[in-house]
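**Student:** pasting the sequence and the predicted model now:
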Amino acid sequence: MLTRLKVSGFKNLVDVDVRFGPFTCVAGANGVGKSNIFDAIMFLSALSEKPLIEAAMSVRDEGGRAADVRRLFRRTGDDYADTMSLEAEMIVPHQGMDDFGQKAEATITTLKYSVILSYRQDNNGGTQGGLELHKEELAHIKLSDARKHLRFKKSPNWLQSAVRGKRTAFFISTEGDGADRIIKMHQDSRSSNIKSWGRGRGRSFPAASLPRTVLSTATNAAENPTAMLVRREMQSWRLLQLEPSALRRPDDITAPRRLGPDGSHLAATLYRLARNNRNTEKETDAATTAQVYSEVANRLCELIDDVQEVRVDQDEKRELLTLEVVDHAGTSHPARSLSDGTLRFLALAVLGMDTEEQGLLCLEEPENGIHPERIPAMIHLLQDIATDTDEPLGPDNPLSQVIINTHSPAVVSQIPDDSLLVAELKEIVDKGKRFKRLSLSCLDQTWRTEAPGGMRVVSKGKLLSYLNPIRPESGIDEWRLIENTKRKTRKRRRVVDRADIQMMLPFAEDKR
């Protein structure tokens, strides 16, 4: 669970310091940099498992393509920043499995991971260039500090189950300067041949020549269980970009049983959930399968009324799995005939039922394809995916988290007030050149303002632009001049201009 993110020098993120709860909504106009927050999170996730250059190339640019490494750095005019820094505070699960199936147990679950990267010109004359690791650290956060900084609403039982352990030394540290920089991975095994945690021999790496982060090499539960669990946590951070074409496709019977980032394998994932009997390893009975399908159907009823059943049809001859929705008349509607909004809602409903899914889920504009009246149902579904902080962590309440972004007034008006972050562009001057950076603010009298170093409070005027986005025009003549011409055209009455509509608007102008 990502509890705090600090970024500087990455795209238009300069001195960004933001805290997250189980559910967070970032609202802002197009082009302010909301998606850059997701890109920074996904970049950190990629650094936990890929070489530096591959992690950089996995980050999208403005056109959705793989990014030019140089363009990941803050740009002012034609100049780029020399370095970027990223820091993530997180809570990790207390236990997990390494790549070899060995059980790992964290010595402490509250941790801070940070990296500083610089751009390195290609010495062979190429234009791509690369990245150099200047600093990498993985440190513990004292339990007293963690409890002080975690201000979102939570029960003592949840806090006790999530925040635990003890540590006094670094897990990963950087020593030295310049070409002599060394990054060390310290052992934290509880093996009897190590007298003191964090003081085992560990491993050392020359920073200047590292092709990847040291964290990405932490795969051994015997020597580095905590670092390995941090790596697992960061690998679980996902960006969902649900594509209707992927959601509509039937699955081969051998397809992966996990929902893809684009929504692919929806049928196969639901099929696996329906066939998975938690009580026995024997073949699942029909009652268990029906119960899973019934839960999905009940959730979908919150979005559309005419739902009797949701199921996965198995075509034995073609070896295909097809998701179907059956209405109250008994008519079956395959996924290819369902609306975009219905498919997105279904994908999230299935994801929320999958106890194997945990970690951070980033989702852009979840309101797409959803009727305004049904947006509360979508928000309720997303909040249910996140961990329930009223109950202790467990198999049915994993350490899951949801962050969404939006520019929809309907979403902003419906989410809990302490879950809202408002994104704006603020202008600064750097080296005599003007630069617009992302600025985040929150509502007053919420937990973010009470946390140490509380966040800036959003202005009421900015908030009202979401709550009352359509203001009736007043004092405009019936005829208007077309811009850059000498022609006039008659102004046609809009829906919002009707007198019987204006009187119902929440902040209608007084025309007396």
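**Tutor:** That came through fine.

**Student:** in the stretch 51-200 of the chain, which spans are helices?
**Tutor:** 52-57, 143-149, 156-162 (DSSP state H, counting those that start in this stretch).

**Student:** switch those helices over to TSV; also include mean neighbour count.
**Tutor:** In short, each C-beta sits where N, CA and C put it, glycine included. TSV is the format used below for the helices of the stretch 51-200 of the chain (neighbours: other CB atoms under 10 Å):
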stretch	mean neighbour count
helix 52-57	20
helix 143-149	15
helix 156-162	16
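
**Student:** okay, those in CSV with distance to Ala377 and mean pLDDT next?
**Tutor:** Listed next are those as CSV, based on distance: least, CB to CB, whole Å; pLDDT from 0 to 100:
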stretch, distance to Ala377, mean pLDDT
helix 52-57, 36, 93
helix 143-149, 33, 88
helix 156-162, 25, 96
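
**Student:** can I get the ones you listed in TSV including distance to Arg181?
**Tutor:** Listed next are the helices of the stretch 51-200 of the chain as TSV, based on distance: least, CB to CB, whole Å:
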stretch	distance to Arg181
helix 52-57	15
helix 143-149	28
helix 156-162	34
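
**Student:** of those, which approaches Lys462 most closely?
**Tutor:** Comparison of those against Lys462 by CB to CB identifies helix 143-149 as nearest, at 26.4 Å.

**Student:** show me how far that closest one is from its chain's centre.
**Tutor:** 23 Å (CA atoms, centre = their mean, to the nearest Å).

**Student:** contacts for that helix?
**Tutor:** Outside helix 143-149, the residues within contact range by CB atoms under 8 Å, 6 or more residues apart in numbering are 3-4, 19, 89, 91, 108, 110, 141, 159, 163-166, 451-452.

**Student:** narrow those to those in strands?
**Tutor:** Judged by DSSP state E, the contacts of helix 143-149 include 3-4, 19, 89, 91, 110 as members of strands.

**Student:** buried among the residues you listed? Need that as a selection in ChimeraX.
**Tutor:** One line in ChimeraX is enough to select the buried ones among the ones in strands among the contacts of helix 143-149; burial here means 16 or more other CB atoms under 10 Å:
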select :3,4,19,89,91,110
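
**Student:** one step back: nearest to Ala255, out of the helices of the stretch 51-200 of the chain?
**Tutor:** With CB to CB as the measure, helix 52-57 is the member of the helices of the stretch 51-200 of the chain nearest Ala255 (25.4 Å).

**Student:** list the helices and strands that closest one packs on?
**Tutor:** Packing partners of helix 52-57 (3 or more CB pairs under 8 Å, 6 or more residues apart in numbering; DSSP states H and E): helix 34-47, strand 130-140.

**Student:** tell me the buried residues in the strand or helix carrying Ser245?
**Tutor:** Using DSSP states H and E, Ser245 sits in helix 244-248. Neighbour counts over helix 244-248 (16+ other CB under 10 Å) mark 244, 246-248 as buried.

**Student:** return the distance of it from the chain's centre.
**Tutor:** Distance of helix 244-248 from the chain centroid (CA atoms, centre = their mean) equals 21 Å.

**Student:** next helix or strand past that helix?
**Tutor:** On the C-terminal side of helix 244-248, the closest following helix or strand by DSSP H and E is strand 251-252.

**Student:** circling back to that earlier point, so which of the contacts of helix 143-149 is the closest to Tyr466?
**Tutor:** Nearest to Tyr466 among the contacts of helix 143-149, with distances taken as CB to CB, is Arg19, at 21.3 Å.

**Student:** got the contact list for the closest one?
**Tutor:** 3-4, 149, 151, 448, 451, 455.

**Student:** and it, what pLDDT?
**Tutor:** Arg19 is assigned a pLDDT of 96 by the prediction.

**Student:** how close does it get to Pro250?
**Tutor:** 42 Å (CB to CB, to the nearest Å).

**Student:** report the lowest-confidence entry in the contacts of Arg19.
**Tutor:** Comparing the contacts of Arg19 by pLDDT, Ala451 comes last, at 80.

**Student:** okay, now the unreliable bits of the stretch 401-512 of the chain?
**Tutor:** 469-494, 496, 501-502, 505-512 (pLDDT under 70).

**Student:** sorry, back to before: what's the most distant pair in the ones in strands among the contacts of helix 143-149?
**Tutor:** Arg19 and Thr110 (13.6 Å).

**Student:** correct me if wrong: Asp188 contacts Ala104.
**Tutor:** No. Counting by CB atoms under 8 Å, Asp188 does not reach Ala104; the two are 10.4 Å apart.

**Student:** identify the contacts common to the two.
**Tutor:** The contact lists of Asp188 and Ala104 share 225-226, where a contact means CB under 8 Å, 6+ apart.

**Student:** dead centre of the chain: give me the residue that sits there.
**Tutor:** Cys362 (2.3 Å; CA atoms, centre = their mean).

**Student:** SS state for that residue?
**Tutor:** Using DSSP: H, G, I helix; E, B strand; the rest coil, the secondary structure recorded for Cys362 is strand.

**Student:** tell me the contacts of it?
**Tutor:** For Cys362, the contact set (CB under 8 Å, 6+ apart) comprises 38, 41-42, 237-240, 403-404.

**Student:** where does the stretch 1-150 of the chain dip in pLDDT?
**Tutor:** Looking at the stretch 1-150 of the chain by pLDDT under 70, you get 61-67, 122-128.
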